[in-house]
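In: this one's structure only:
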């Protein structure tokens, strides 16, 4: 079977660094931090009062009032990013193509804030006061469903849930649908509104939440003093198209997706497999899928959560796959600026790979001042400042609780 070539033609984003992709990328290149005091709830009792919230977002810019009231905030983010992506790609989904356009937008926790809030309403005020739209507001596929309605996309539609690998898997699954001829175009990515007290308490309870304070010097991926994640939120949606379809309509092609690798650790529900074995297998699969060698890769966007275990295991996995070349390929964690945006993280980071390829700039790992050499964290993590660097091929790593490993390979488009 002749596989179709798949290209990216548009990106939309709502992130802690900006309310569109251009502003988000500019902030990354400038090494800006999205960490700020929590405003969405009272953080009393948590080990930190800081997170990477989306700032100054106005849902009225994207949805009418009645519609937005029937949706969770993560769905607001998804719709906003999708509308931006469609506009960026100049893609209008008309009746003659709507059945060939689909949506794969995942979320790690769905509308959990709605679920918690309505549970309180149920206990305090009774059954009759519970929001009748509670189910479509908290279901994980609500974002994908709403985007499909807004975009008039009637092709394949679903929502992967693979924890922090969700955004990457959503793009990878959409990539497969297009290259196997199941769709001509897809809206793909992730959305999460995860700055919420219950979820952050959970991370604190397992020792994975950073105790970030002023002055802000966290998260610190690969640093000796790293102490965990700073929770982020937002959405990132890309337009994936079959190359011939994109060229026929005169679309501007940003990059080509050439590989996708997916594995499972089957080791521990939250800890990575020994030596990052599962992550290494995913990287190898992605490279094999792309028909590329490790030395073809010019940039790696690391999962880089700033947790003690992840940074060590990911570094070991990169060394396993890349050998001595691991020390020569720039590898950075943009979570050092966005925080860990959970189900959308992989999509934001894939977008960073797109821009790195187009602009010849790799974003930095902020807050990295003392690499954890004793633990083997000794690669070129692009500390503190962005770097001019020609990127033809980029790899995007995403790993999630449950042992999910997802890797994308993106390449400069060459007709």
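Out: Perfect, I can see it now. Quantities reported herein were computed from a predicted structural model and do not represent experimental measurements.

In: tell me the mean pLDDT for the helix ranked longest in the chain?
Out: Using DSSP state H, we find that the single longest helix of the chain is helix 73-89. Averaged across helix 73-89, the pLDDT comes to 98.

In: Can you spell out which helices and strands pack onto it?
Out: Here helix 73-89 touches strand 6-14, strand 101-106, helix 142-151, strand 185-192, strand 234-242, going by 3 or more Cβ pairs under 8 Å, 6 or more residues apart in numbering; DSSP states H and E. Placement of C-beta: from N, CA and C, glycine included.

In: Could you save these as TSV and add columns showing distance to residue 272?
Out: Supplementary listing: the helices and strands packed on helix 73-89 in TSV, determined by distance: least, Cβ to Cβ, whole Å:
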stretch	distance to residue 272
strand 6-14	27
strand 101-106	21
helix 142-151	27
strand 185-192	21
strand 234-242	24
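
In: ranking those by burial, who's on top?
Out: strand 185-192 (a mean of 35; mean count of other Cβ atoms under 10 Å).

In: Please, where are all the strands along the stretch 151-300 of the chain?
Out: Applying DSSP state E, counting those that start in this stretch to the stretch 151-300 of the chain gives strands spanning 157-158, 185-192, 234-242, 255-264, 299-301.

In: Pull out the buried positions in the fourth one.
Out: Of all the residues in strand 255-264, those buried under the rule 16 or more other Cβ atoms under 10 Å are 255-263.

In: Any stretches of the stretch 301-415 of the chain with poor pLDDT?
Out: Nowhere does the stretch 301-415 of the chain drop to pLDDT under 70.

In: okay, now the domains of the protein?
Out: Listed domain ranges for the chain are 7-248, 259-411 (source: automatic domain parsing).

In: The last one spans what distance, first to last residue?
Out: Read it as domain 259-411. Domain 259-411 stretches 9 Å from its first residue to its last (Cα to Cα, to the nearest Å).

In: which stretch among the strands of the stretch 151-300 of the chain comes nearest residue 313?
Out: Smallest distance to residue 313 across the strands of the stretch 151-300 of the chain (Cβ to Cβ): 13.4 Å, for strand 255-264.

In: by contact count, what packs against the closest one?
Out: strand 6-14, helix 166-179, helix 277-290, helix 345-359, strand 404-411.

In: any idea of the mean pLDDT in it?
Out: The pLDDT scores in strand 255-264 average 98.

In: repeat for stretch 267-277
Out: Mean predicted confidence for stretch 267-277 is 95.

In: For that stretch, measure first residue to last.
Out: The first-to-last residue distance of stretch 267-277 comes to 10 Å (Cα to Cα).

In: TSV for the helices and strands packed on helix 73-89, including distance to residue 410 and mean pLDDT?
Out: Formatted as TSV, the helices and strands packed on helix 73-89 follow (distance: least, Cβ to Cβ, whole Å; pLDDT from 0 to 100):
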stretch	distance to residue 410	mean pLDDT
strand 6-14	8	99
strand 101-106	17	98
helix 142-151	22	98
strand 185-192	13	98
strand 234-242	10	98
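
In: closest one to residue 361 among those?
Out: Using Cβ to Cβ, the nearest of those to residue 361 is strand 6-14, at 15.8 Å.

In: Out of the helices and strands packed on helix 73-89, flag the one nearest residue 115.
Out: Nearest of the helices and strands packed on helix 73-89 to residue 115, taken as Cβ to Cβ: helix 142-151 at 11.5 Å.

In: Figure out how far the closest one is from the centre of its chain.
Out: 18 Å (Cα atoms, centre = their mean, to the nearest Å).

In: Stretch 281-288 now?
Out: Worked out by Cα atoms, centre = their mean, stretch 281-288 lies 19 Å from the chain centre.

In: Rounded mean pLDDT for it, please.
Out: Rounded mean pLDDT across stretch 281-288 is 98.

In: what do you get for stretch 34-41?
Out: Per-residue scores along stretch 34-41 average to 97.

In: Would you mind pulling the contact partners of that stretch?
Out: Residues outside stretch 34-41 that contact it (Cβ atoms under 8 Å, 6 or more residues apart in numbering) are 15-17, 27, 49-53, 55, 195-197, 212, 216, 218, 230, 232, 337-339.

In: Which of these fall within helices?
Out: Reading helices off the contacts of stretch 34-41 with DSSP H, I get 27, 197, 337-338.

In: Can you tell me which of those has the most neighbours?
Out: Of all the ones in helices among the contacts of stretch 34-41, the highest neighbour tally under other Cβ atoms under 10 Å goes to residue 338, namely 33 neighbours.

In: rewinding a little: as TSV, the buried residues of strand 255-264 with distance to residue 184 would be great.
Out: Output for the buried residues of strand 255-264, formatted as TSV (distance: Cβ to Cβ, whole Å):
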residue	distance to residue 184
255	18
256	16
257	15
258	18
259	21
260	18
261	24
262	23
263	29
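
In: and residue 284, how many residues sit next to it?
Out: Neighbourhood size, residue 284 [other Cβ under 10 Å]: 17.

In: pretty sure it contacts residue 261?
Out: Yes. At 6.9 Å, residue 284 counts as touching residue 261 under the criterion of Cβ atoms under 8 Å.

In: Helices of the stretch 301-415 of the chain, residue ranges please.
Out: Assigned helices in the stretch 301-415 of the chain, in chain order: 308-322, 335-338, 345-359 (criterion: DSSP state H, counting those that start in this stretch).

In: out of those helices, nearest to residue 92?
Out: Using Cβ to Cβ, those put helix 345-359 closest to residue 92, at 21.9 Å.

In: Just give me how far the closest one sits from the chain centre.
Out: Taking Cα atoms, centre = their mean, one finds the center of helix 345-359 at 10 Å from the center of the full chain.

In: ok, now stretch 90-100?
Out: Stretch 90-100 sits 26 Å away from the centroid of its parent chain (Cα atoms, centre = their mean).

In: residues making contact with it?
Out: Outside stretch 90-100, the residues that touch it by Cβ under 8 Å, 6+ apart are 9-10, 86, 101, 151-155, 183-185, 239, 241, 249, 251-252.

In: How many neighbouring residues does residue 126 have?
Out: 9.

In: per-residue confidence at it?
Out: 97.
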